[in-house]
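Novice: Mind looking at a prediction? Sequence and model below.
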Amino acid sequence: MERPALTVDHLPQLIGQFYERLLADPIMAPYFAGIDLSTHVPHIARFWAMALFGTPGYHGDVMSVHVQLNARLPLQAATFERWLAHFDATLDAAHSGPKVEEAKQRARTIAAVMQHRMVDR
């Protein structure tokens, strides 16, 4: 079965599926304890809509949120790799095309910056 190209309309469902994967992973789930997914998933979908499609509507500071998370539960290089593996698997299970590859590359760039700021000191 052919996987459809990723569009902005797919993002809320895709991000929901991604968080289902993260929460089912016993290593990743503790990082999301206490997060209200009914507000978090749409917020993250807006982030990716902005990052991939230039859609306005996302407001936030990605880095400071993750710095706070790191203070509560320290992130490791392996944490970033696991997050990226789940992200890639979620994308690949549902979609194909240039926006999928762009999302993967952007996720790697963001993860590398975060890892440098929080882990590789």
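Specialist: Alright, I've got the coordinates. Numbering: from 1, shown residues only.
Novice: Work out for me the element A93 sits within.
Specialist: For A93, the host element (DSSP states H and E) is helix 77-94.
Novice: So which elements touch that helix?
Specialist: helix 11-24, helix 98-118 (3 or more Cβ pairs under 8 Å, 6 or more residues apart in numbering; DSSP states H and E). Bear in mind the C-beta positions are built from the backbone N, C-alpha and C, glycine included.
Novice: got JSON lines for the ones you listed, with mean neighbour count, distance to F80 and mean pLDDT too?
Specialist: Below are those laid out as JSON lines (neighbours: other Cβ atoms under 10 Å; distance: least, Cβ to Cβ, whole Å; pLDDT from 0 to 100):
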{"stretch": "helix 11-24", "mean neighbour count": "18", "distance to F80": "13", "mean pLDDT": "97"}
{"stretch": "helix 98-118", "mean neighbour count": "15", "distance to F80": "5", "mean pLDDT": "96"}
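Novice: Save the ones you listed as a markdown table, and put in distance to V65 too.
Specialist: A markdown table is the format used below for these (distance: least, Cβ to Cβ, whole Å):
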| stretch | distance to V65 |
| --- | --- |
| helix 11-24 | 15 |
| helix 98-118 | 10 |
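Novice: quick one, which of those helices is nearest to R72?
Specialist: helix 98-118 (11.9 Å; Cβ to Cβ).
Novice: Check D120 and give its pLDDT.
Specialist: The model reports D120 with a pLDDT of 68.
Novice: same question, M63
Specialist: Here, the pLDDT recorded for M63 equals 89.
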